[in-house]
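Engineer: Pasting a predicted model and its sequence here:
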Amino acid sequence: MKSLKPFILFSLYLSIVSLGNGCATLPDVSKVIEEAPASQQPRKIFSSKGLISPEKSKAIIDRLQKSADPADFLERHAAVVESVTESPLTKGNKVTLLADGPATYAAMFQAIRNAKDHINLESYIFEDDETGHKFSDILLQKQAEGVQVNVLYDSLGSIDVSDTFFQRLRDGGIQVVNFNPLNPLSSHEEWGLTHRNHRKILIVDGKVAISGGINISEVYSRNPFRRKHKVKAQIHWRDTDVQIEGPAVAGFQKLFLDTWQKQKGPGLSQSNNYFPDLIEKGTALVRVVGSTPGETNRIPFIMYVSAITFAENSIHLTNSYFIPDEQIVKALTDSAGRGVDVTIILPGTTDSKLAFYAQRYHYSELLKSGVKIYEHKTSLLHAKTAVIDEVWSTVGSTNLDYLSLLHNDEVNAVILSREFAVEMEKMFVKDLENSRQITWNEWKKRPLFLKIREWFVNLFARWL
């Protein structure tokens with residue numbers, strides 16, 4: 001969610017200028033690709049019992065590539081990602097697509113009800129509304145049953161929520177951490193307003209993880225077709241999560257516990273089993289891709305640019321705040337230029353007009369290169385997903401804008417599975433049906449005023 005009060009925007013600008021965050025840069029992905037190990041080397045794949053043999057790893061990748069005929073896309077991309085992250089590619093995962101807020105909340109409540117040992121919940125926004133109350137009530141109930149509940153929320157994302165809401169959780173025994181407090185005197189680490197925890201993760205008993213773009217807020221539960229005069233107050237937010245069971249859950253758990261420790265959260269009891277033995281639950285390969293500010297590699301950015309660069313047949317992308325840097329734009333236009341079907345669904349309704357204008361600034365270059373652009377018309381599109389060559393998918397919290405790519409804690413699940421990609425494509429087609437295509441012939445005729453407005457707003461793209 002992008003809407004911020006004016007004083008927060010001003011403070012954001014001062015924070016960037018005074019702390020030098022505005023000088024941060026994204027890595028040169030072409031250099032990362034050039035320096036990555038040869039793609040002929042077998043990829044490292046882990047099972048629930050550890051690293052599997054190079055021969056078995058190669059056989060798994062070969063089967064995947066043959067299932068969708070993407071030639072060496074998976075090999076080349078995996079080689080690049082492995083060169084910048086220690087996050088393993090794990091086999092044996094069951095991945096369930098949660099294609100909207102109601103499905104996600106139903107899965108989250110079911111997982112919470114089944115919890116026996118612990119619940120770790122991390123969210124950028126935790127609203128004091130009907131949905132927030134449902135979550136707080138069930139979390140307090142589980143804490144009373146003896147299940148340890150740990151909650152991480154972001155101080156800026158949840159700025160409108162009074163501390164009494166979170167104090168109720170604390171009074172019930174839940175351990176609550178406020179990520180990077182807005183008050184510098186309360187900060188747990190080096191203070192900076194632009195460093196936000198934009199992740200959304202639920203981990204139950206170390207065995208089930210649910211993650212994606214969905215916050216704890218009533219906006220994800222509204223009817224997408226009920227529109228009244230106050231559109232912003234009534235509109236439904238269209239978003240996506242995934243539920244993962246299997247060895248990959250340990251990757252989400254590690255990210256949560258690392259953040260908890262960095263934020264100096266209360267000590268966690270040794271009696272809780274945060275890393276249980278995990279058995280294989282399905283057939284999907286999953287890599288958990290996380291990032292924090294200060295890293296030089298910015299893994300989600302490299303992941304996206306590399307996957308787009310190596311795509312051979314199709315790139316189907318949805319993103320909520322699309323303010324790409326030149327490398328992302330070039331990767332998309334180059335792919336379209338070599339005949340790849342590049343189709344992007346973006347918001348047609350927004351909670352941030354400035355981000356919307358900056359998004360549209362890039363349409364001309366993309367449309368002229370053959371990229372197909374659609375704007376979602378029935379909901380506020382908040383999903384951050386991609387499916388490439390009908391075998392590689394990602395669902396996560398990362399927007400293709402500078403705040404996500406440079407300044408936020410983010411997380412994406414990368415799923416290598418033909419079966420899951422088919423489900424992603426079905427969801428994409430449904431979103432297309434609820435979207436309006438923007439054509440170059442239409443776009444180039446828009447008034448000069450709109451072109452000037454988009455150009456001017458894009459000058460401040462790094463701060464939107």
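Structural biologist: Nice, thanks for sending it over.

Engineer: residue ranges of the helices in the stretch 101-250 of the chain, please?
Structural biologist: With DSSP state H, counting those that start in this stretch, the ranges of helices along the stretch 101-250 of the chain come out as 101-113, 130-144, 163-171, 231-234, 249-262.

Engineer: CSV for those helices, including mean pLDDT?
Structural biologist: Below are the helices of the stretch 101-250 of the chain laid out as CSV (pLDDT from 0 to 100):
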stretch, mean pLDDT
helix 101-113, 97
helix 130-144, 97
helix 163-171, 95
helix 231-234, 49
helix 249-262, 95
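
Engineer: Could I get those in JSON lines, plus columns for distance to F322?
Structural biologist: The way it works is simple: take the backbone N, C-alpha and C, and place the C-beta from them, glycine included. What follows is those, written out as JSON lines (distance: least, Cβ to Cβ, whole Å):
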{"stretch": "helix 101-113", "distance to F322": "21"}
{"stretch": "helix 130-144", "distance to F322": "26"}
{"stretch": "helix 163-171", "distance to F322": "32"}
{"stretch": "helix 231-234", "distance to F322": "20"}
{"stretch": "helix 249-262", "distance to F322": "25"}
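
Engineer: Tell me which of these sits nearest to S217.
Structural biologist: helix 130-144 (5.9 Å; Cβ to Cβ).

Engineer: Touching the closest one from outside, list them.
Structural biologist: 105, 108-109, 112-113, 115, 119, 121, 126, 149, 151, 161, 165, 168-169, 172-174, 216-218, 220-221 (Cβ atoms under 8 Å, 6 or more residues apart in numbering).

Engineer: cool, stretch 424-443 as well?
Structural biologist: Identification of contacts with stretch 424-443 by Cβ under 8 Å, 6+ apart yields 97, 99, 224, 238, 240, 316, 318, 343, 345, 348, 363-364, 367-368, 372-379, 381, 383, 385, 387, 390, 393.

Engineer: Show me what counts as buried in that stretch.
Structural biologist: Neighbour-count burial for stretch 424-443, with 16 or more other Cβ atoms under 10 Å as criterion, is recorded at M424, M427, F428, D431, L432, N434, S435, I438, W440, W443.

Engineer: Any idea how far apart the tips of that stretch sit?
Structural biologist: Using Cα to Cα, to the nearest Å, the end-to-end distance of stretch 424-443 comes to 29 Å.

Engineer: average model confidence for it?
Structural biologist: Per-residue pLDDT over stretch 424-443 has a mean of 96.

Engineer: Likewise for stretch 180-187?
Structural biologist: Here stretch 180-187 scores 72 as its mean pLDDT.

Engineer: same thing with stretch 198-210?
Structural biologist: Rounded mean pLDDT across stretch 198-210 is 97.

Engineer: Can you tell me the strand partners of the lengthiest strand in the chain and which way each runs?
Structural biologist: Assignment by DSSP state E gives strand 89-98 as the longest strand of the chain. The strands beside strand 89-98 in its sheet (DSSP bridges) come out as strand 45-47 (parallel), strand 241-245 (antiparallel), strand 284-291 (antiparallel).

Engineer: How far away from the center of its chain is the first one?
Structural biologist: Spelled out, that is strand 45-47. Here the centre of strand 45-47 is set off from its chain's centre by 23 Å, with Cα atoms, centre = their mean, to the nearest Å.

Engineer: Let me see the residues that make contact with that strand.
Structural biologist: If you take Cβ under 8 Å, 6+ apart as the criterion, strand 45-47 is touched by 51-52, 56-57, 60-61, 88-92, 247, 280, 285.

Engineer: Can you turn the buried part of those residues into a ChimeraX selection?
Structural biologist: Here is the ChimeraX command that picks out the buried ones among the contacts of strand 45-47, judged by 16+ other Cβ under 10 Å:
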select :52,57,60,61,88,89,90,91,92,247,280,285
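
Engineer: In a markdown table: the contacts of strand 45-47, plus distance to Y304 and pLDDT.
Structural biologist: As requested, the contacts of strand 45-47 are exported to a markdown table (distance: Cβ to Cβ, whole Å; pLDDT from 0 to 100):
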| residue | distance to Y304 | pLDDT |
| --- | --- | --- |
| L51 | 26 | 82 |
| I52 | 27 | 78 |
| K56 | 28 | 81 |
| S57 | 24 | 79 |
| I60 | 23 | 76 |
| I61 | 20 | 76 |
| P88 | 20 | 87 |
| L89 | 17 | 91 |
| T90 | 21 | 93 |
| K91 | 23 | 93 |
| G92 | 26 | 94 |
| P247 | 24 | 95 |
| E280 | 28 | 92 |
| L285 | 18 | 94 |
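
Engineer: would you list the contacts of strand 45-47 in JSON lines and tack on distance to D325?
Structural biologist: Shown next, in JSON lines, are these (distance: Cβ to Cβ, whole Å):
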{"residue": "L51", "distance to D325": "35"}
{"residue": "I52", "distance to D325": "36"}
{"residue": "K56", "distance to D325": "38"}
{"residue": "S57", "distance to D325": "33"}
{"residue": "I60", "distance to D325": "33"}
{"residue": "I61", "distance to D325": "30"}
{"residue": "P88", "distance to D325": "28"}
{"residue": "L89", "distance to D325": "26"}
{"residue": "T90", "distance to D325": "30"}
{"residue": "K91", "distance to D325": "33"}
{"residue": "G92", "distance to D325": "36"}
{"residue": "P247", "distance to D325": "33"}
{"residue": "E280", "distance to D325": "38"}
{"residue": "L285", "distance to D325": "28"}
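
Engineer: Spell out which residues make up each domain of the chain.
Structural biologist: For the chain, the structural domains run 22-91+285-463, 95-262, going by automatic domain parsing.

Engineer: Having no further points to raise, I will conclude here.
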